[in-house]
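Engineer: okay, predicted coordinates and the sequence, questions at the end:
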Amino acid sequence: MAATSTDAAPLADGAPAAPAAGAPARPPAPSFSPATFLYMFLFILGIVMLFDTSTRNGVALEIGLLLAPAIGFGGSYPLLTMFLAAVIEMVLTALAYNWATDWVKSARVQRWGTALRKAQSEAVRSGKKDRVDALKPHQARFTQLSGEVSMAQLKGMAVTWFLVIAIYTWVGLYLAQLCGFASGSCADPGAVTVAVGSARIDLMGSLIGPIAAWFVLFSLYTVPMSLLFRRLLKHYSLRQRAGAPAEMPAAA
């Protein structure tokens, strides 16, 4: 006897019907993963660092034990130090985000969602309840897959969240140490005054309201590089999955 539902395969030799591709699948049983624990730890630590100055500075100083000898240059080249710190931050966060994200699955879920919404809209306009009901298993499956994609992205964001706060804080502490920052001013502002074009800018001075110049400049380093690194890694990952040789992506 054949199964009449479109969401089940025909029975064979009395075996239970296998669900078709559109049928909702039972989610796997949750299991403990060291990686999941690490993501949760970094996410929670990032939240604590955001609101607790001592924790934020303590983590940044620990990271500085590696960064200062490597890119500190004894305080001689603060702009170069900031640039290299931005490169390190964006490379690490892009790698973490790329590792946690299945780009192929994400693209498929996005296309499926577009097609599903179109089918649901047509079914509602048709006024036929059976057409609407037939799409419910597909909606359940889509919701499950969307949740999996979102969870993967959150894992990448947990690492990004932690590293951004830690390295931004380290750059601020590094510059404050160079100029002997205390009581809201620098003892030696010349140590953190740099030439940007024809202008001389005090990196610890205010540039936009309470926002320091170094924060704005460091953000100008990190944002473009973040977009570049993520685009390159996404392109490379998709090429690897497709089995084709990697090529430089065309300009957007």
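Structural biologist: Sure, I can see it. Numbering: from 1, shown residues only.

Engineer: from here on, just use CA atoms for contacts and neighbour counts.
Structural biologist: OK.

Engineer: how close does the spatially most central residue of the chain sit to residue 217?
Structural biologist: Geometric centre of the chain, nearest residue: residue 157, 3.9 Å, by Cα atoms, centre = their mean. Separation of residue 157 from residue 217 (Cα to Cα, to the nearest Å): 23 Å.

Engineer: what of residue 108?
Structural biologist: 38 Å.

Engineer: repeat for residue 154
Structural biologist: Residue 154 is 27 Å from residue 217, by Cα to Cα.

Engineer: which one's more surrounded, those two?
Structural biologist: Using other Cα atoms under 10 Å as the criterion, residue 154 and residue 217 rank with residue 154 on top: 19 against 15.

Engineer: give me the distance between the longest helix belonging to the chain and the centre of its chain.
Structural biologist: Ranked by number of residues, the top helix in the chain under DSSP state H is helix 136-179. Computed by Cα atoms, centre = their mean, to the nearest Å, the separation of helix 136-179 from the middle of its chain amounts to 4 Å.

Engineer: and that helix, what does it pack against?
Structural biologist: helix 34-51, helix 53-71, helix 78-100, helix 103-126, helix 213-242 (3 or more Cα pairs under 8 Å, 6 or more residues apart in numbering; DSSP states H and E).

Engineer: point out where the stretch 101-250 of the chain drops to low pLDDT.
Structural biologist: 241-250 (pLDDT under 70).

Engineer: name the nearest residue to residue 72, ignoring sequence neighbours.
Structural biologist: residue 81 (5.7 Å; Cα to Cα, 6 or more residues apart in numbering).

Engineer: which residues sit in contact with that neighbour?
Structural biologist: Contact analysis of residue 81 by Cα atoms under 8 Å, 6 or more residues apart in numbering lists 71-73.

Engineer: do residue 188 as well
Structural biologist: By Cα under 8 Å, 6+ apart, residue 188 lies in contact with 178-180.

Engineer: quick check, residue 195 in contact with residue 79.
Structural biologist: No - with contacts counted by Cα atoms under 8 Å, residue 195 stays clear of residue 79, the gap being 9.4 Å.

Engineer: with neighbour numbers in mind, choose between those two.
Structural biologist: Counted by other Cα under 10 Å, residue 195 and residue 79 do not tie: residue 79 has more neighbours, with 19 against 11.

Engineer: the more buried one: what's its closest spatial neighbour, skipping adjacent residues?
Structural biologist: residue 194 (7.6 Å).
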